[in-house]
Structures are given as C-alpha cells and as structure tokens.
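[1] here are the coordinates; sequence isn't available:
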C-alpha cells in the first residue's frame, strides 16, 4: 500500500541503511539495559533460563523490569500479569497504526510480526515506511531483528556476568530511548495535524504523568493526542 | 537450575501478545472509514512523542517510584530532536544526546 501523504524516495537502500544505523543506536542501549535486567533478575532469584525466556516471550523491557521487582518483593503472579497488561496496552496503538501498512501480508507473517512489535520496532518501521511511501517487510525485520535478538542475548549475559559492567546510565545510554523516540516523532510529524498530535501527546504524557503516573499517561496521550491533530485538520478545511 | 518462572513469562506474554496482534488482523486500510485512517496516521507521532516526554520527564527515586524530574536529559533530548529534524539522521541525534548526558553527569558528579 502507499501513503499519499508520504514523500517517496527512490533509493530504498539508503533508507534501509539509515534504518539500520538508528537500530544500532537502540541495540547498543538495549544491550546495556539487557545486561542490567539480567543482573537484576539474577538478584531477584531468576535462573538464566527464566530471565532469558522472559526476554524472548515478553520482549518488553518496562514490564520485565517491573516483574523482576515484584518477584523480588514476593508479589503474586496475578498482580504481575495485570501490571504487564497495563504497561503493554500501548502496543494496541502500535498494532493499529501498523495494520494499514502490513494488511497485505499473510496471516502467519502478521502473527510473527506482532510478537516483535516493540516500541523500537514500531518507531523505526513506521518512520521508514512513511519515508519510502510504502511498507517494506525487509525494513521491518531489520528493525525487529536488532531488538528481538540483542535483548535476550544480553539478558543471558547479564545473568551470567552482569556485575562486571558499569551502570548504563553512567554512560548516558538511558537517554537513547527518549532521544530516538522524540527524533522519530519529529520525522513522522510532516504536517500541521501530525505536529499538533505530537505536541499534544508529549503534553498529555507529562501532565498526566504527574497526575496518574507515566505508564498510564503515555497510553492516554497516544489515544487522545491524535484528536488534537484531527481538530487542526478540520480547522484547516475550507468552509462549506 | 529452576524453570518455574518460565510459566510467569508465558502468562505475561499471553496478555501482551493480543495487544500487539489483534489490530493487525482487523480490516485493512481500504476498508476503514476515512476518519479512522486519519486518526491512525496521527497515532505514530502522538505515541512516540508521549514516550519521549514520559521517559524524559520522569525518573525513578530511591524507592523505585516514578517522580517528575528536570535534568540534563531534557536538554539532551531537545538537542537530539533538533538535530534529527535538521539533518534527518536518527543515529547522529542519539549519539549527540548520549555524549551530552555522559559528559554532563561526569562534570556534575565530579
């Protein structure tokens, strides 16, 4: 499918190269935090199989860190599962936004794509698709590959020897995620409605975060902010 | 080696996967109403900006609670966003932000 609002470029190789470079940034950050997650999991009593299986099956850093903390404090599984659902509800938005691009793929392929539709894969893929003006399955799997391979691998390494590495925050790696998300949002904000949606999303995340906590406010921002964009779009339409 | 928590991982995956999968199996773009198509086009910038802001403006305190926080991360993310908007290169923006935060923390911590 093509998106008429996008500006197609002929050189898909250059677009994929940029995608891989951005994915490398995420991978470096993911590797650092994978090591830290592995170490935290080990301290909470996880074996290497348990910690790594969570990184393979769940593939969602925030929920996994929360789960490790709750296991360490003796929380029951139902509480952890409910919290996971709340933290990962935002993936519904990713999937909905990607559906128009990936609708033509086979059901089996979409089922596999869904498993690796993380924050990073979504951000990189959507920006890439909009840049080239169409879906690019190779680009999707390039984006997904870095994340879904490096996270479990470095989790395992973290369980085995994570105490040997410095805190990724000391190296500034904790800023990779927000910097990349902000930058990719800017790349997607190519017109006034999209800019309005991005600004509203950021504002709702901060204000809502103060009121109800960032996990909920990010989801709320993602759901409600596009309405600001639609209102701007409507305002720009000629009067009938 | 224990494997008991693999069961927890599977349960967590079971509640995560439907969020990631269900809309991918919904009607494709051509069959969606125009207003829904326009809404979905705006979800990307909205949720990514929300993630950027939420992960910049809040940090964990000693007790593990997320609290509002103002620090060098704000400037670093703004720098990255400006560089990416200007040059179009995400990797370049990320590196600039990381260097700024690492140097800033080293200087402030010294």
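    It's in. What you see is a predicted model; the values in this text were computed from it and never measured.

[2] secondary structure class for residue A:40?
    helix (DSSP: H, G, I helix; E, B strand; the rest coil).

[3] Tell me where the model's unsure across chain A.
    Regions of chain A meeting the criterion pLDDT under 70 cover residues A:1-10, A:163, A:237-240.

[4] touching chain B at all, the helix or strand where residue A:124 lies?
    With elements delineated by DSSP states H and E, residue A:124 resides in helix A:119-132, which encompasses its position. Yes. Applying Cβ under 8 Å from any Cβ of the partner chain, one finds helix A:119-132 touching chain B at A:119, A:122, A:123, A:126, A:127, A:130. Where you see a C-beta, it was placed from the backbone N, CA and C, and this is true even at glycine.

[5] What is the burial count for residue A:111?
    Counted with other Cβ atoms under 10 Å in any protein chain shown, the neighbours of residue A:111 add up to 15.

[6] sorry, back to before: so what touches the helix holding residue A:124?
    A:3, A:5-9, A:12, A:15-16, A:19, A:22-23, A:26, A:30, A:91, A:94, A:97-98, A:101, A:135-136, A:139-140, A:143-144, A:146-148, A:177, A:180-181, A:184, A:187-188, A:190, B:44, B:48, B:51, B:90 (Cβ atoms under 8 Å, 6 or more residues apart in numbering or on different chains).

[7] let's see 7 Å
    A:3, A:6, A:8-9, A:12, A:15, A:19, A:22-23, A:26, A:94, A:97-98, A:101, A:135-136, A:139-140, A:143-144, A:147, A:180-181, A:184, A:187-188, B:44, B:48, B:51 (Cβ atoms under 7 Å, 6 or more residues apart in numbering or on different chains).

[8] Find the residue closest to the most centrally placed residue in chain B in space, skipping its chain neighbours.
    For chain B, residue B:51 is the residue whose C-alpha lies nearest the centre (Cα atoms, centre = their mean; 3.9 Å). When the adjacent residues along the chain are set aside, residue B:51 lies closest to residue A:181, with 4.4 Å between them (Cβ to Cβ, 6 or more residues apart in numbering or on different chains).

[9] so the one you found is in which element?
    Per DSSP H and E: helix A:176-188 holds residue A:181.

[10] For that helix, name the packing helices and strands.
    If you count contacts as 3 or more Cβ pairs under 7 Å, 6 or more residues apart in numbering or on different chains; DSSP states H and E, helix A:176-188 packs onto helix A:12-43, helix A:119-132, helix B:34-57, helix B:72-87, helix B:90-109.

[11] That helix to helix A:12-43, inter-axis angle?
    Relative orientation of helix A:176-188 and helix A:12-43, computed by axes from the mean of the first three to the mean of the last three Cα atoms, to 10 degrees: 150 degrees.

[12] got a list of contacts for helix A:176-188?
    Under Cβ under 7 Å, 6+ apart, the answer for helix A:176-188 is A:22, A:25-26, A:29, A:123, A:126-127, A:130, A:194, A:198, B:44-45, B:48-49, B:51-52, B:55-56, B:73, B:76-77, B:80-81, B:84-85, B:90, B:93-94, B:97-98.

[13] and these, which are buried?
    Buried residues within the contacts of helix A:176-188, counting neighbours by 16 or more other Cβ atoms under 10 Å in any protein chain shown: A:22, A:25-26, A:29, A:123, A:126-127, A:130, A:194, A:198, B:44-45, B:48-49, B:51-52, B:55-56, B:73, B:76-77, B:80-81, B:84, B:90, B:93-94, B:97-98.
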